[in-house]
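Chemist: Predicted model, plus sequence, below.
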Amino acid sequence: MNDDLKGVFDRMGILDLIFIIPMFLLFSYLPVYNFWSIIINTIIVIFFAFGLSAAFHILVSIIKKRNDQSG
């Protein structure tokens, strides 16, 4: 059980690192820091995070299925 939990935290660390890069890019390219631009950037980061997380988990499950079938 500890190995599974460690693997989850390792993957979450990678995902957190990947999520923070577009957040910094989105908040740094706009010269105007008004309320609407902050809300739109936050929504973009949230949707990007959901999509990237789903893609990452789908890829991991596909790789695990291929490894289980071959070995």
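Modeler: Ah, there it is.
Chemist: Now Y33: which helix or strand?
Modeler: Taking DSSP states H and E as the definition, Y33 sits outside all helices and strands.
Chemist: Repeat that for H57.
Modeler: Assigned by DSSP H and E, H57 falls in helix 35-70.
Chemist: That helix - contacts with which helices or strands?
Modeler: helix 2-29 (3 or more CB pairs under 8 Å, 6 or more residues apart in numbering; DSSP states H and E). Every C-beta, even on glycine, is put in place using the N, C-alpha and C of the backbone.
Chemist: Just the mean pLDDT for the helix it packs on, thanks.
Modeler: Averaging pLDDT along helix 2-29 gives 68.
Chemist: what does stretch 46-59 give?
Modeler: Averaged across stretch 46-59, pLDDT comes to 81.
Chemist: C-alpha coordinates for that stretch, PDB please?
Modeler: Output in PDB follows, covering the C-alpha atoms of stretch 46-59 (Å, rounded to 0.1, in the frame of the first residue of the first chain):
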ATOM      1  CA  ILE A  46      -8.900  25.100 -14.600                       C
ATOM      2  CA  PHE A  47     -10.000  23.700 -17.900                       C
ATOM      3  CA  PHE A  48      -6.400  23.100 -19.000                       C
ATOM      4  CA  ALA A  49      -5.800  21.300 -15.700                       C
ATOM      5  CA  PHE A  50      -8.800  19.000 -16.200                       C
ATOM      6  CA  GLY A  51      -7.900  18.200 -19.700                       C
ATOM      7  CA  LEU A  52      -4.200  17.500 -18.900                       C
ATOM      8  CA  SER A  53      -5.100  15.400 -15.900                       C
ATOM      9  CA  ALA A  54      -7.600  13.400 -17.900                       C
ATOM     10  CA  ALA A  55      -5.100  12.900 -20.700                       C
ATOM     11  CA  PHE A  56      -2.300  11.900 -18.300                       C
ATOM     12  CA  HIS A  57      -4.500   9.300 -16.500                       C
ATOM     13  CA  ILE A  58      -5.700   7.900 -19.800                       C
ATOM     14  CA  LEU A  59      -2.200   7.500 -21.100                       C
END
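Chemist: Nice, that's everything, thank you.
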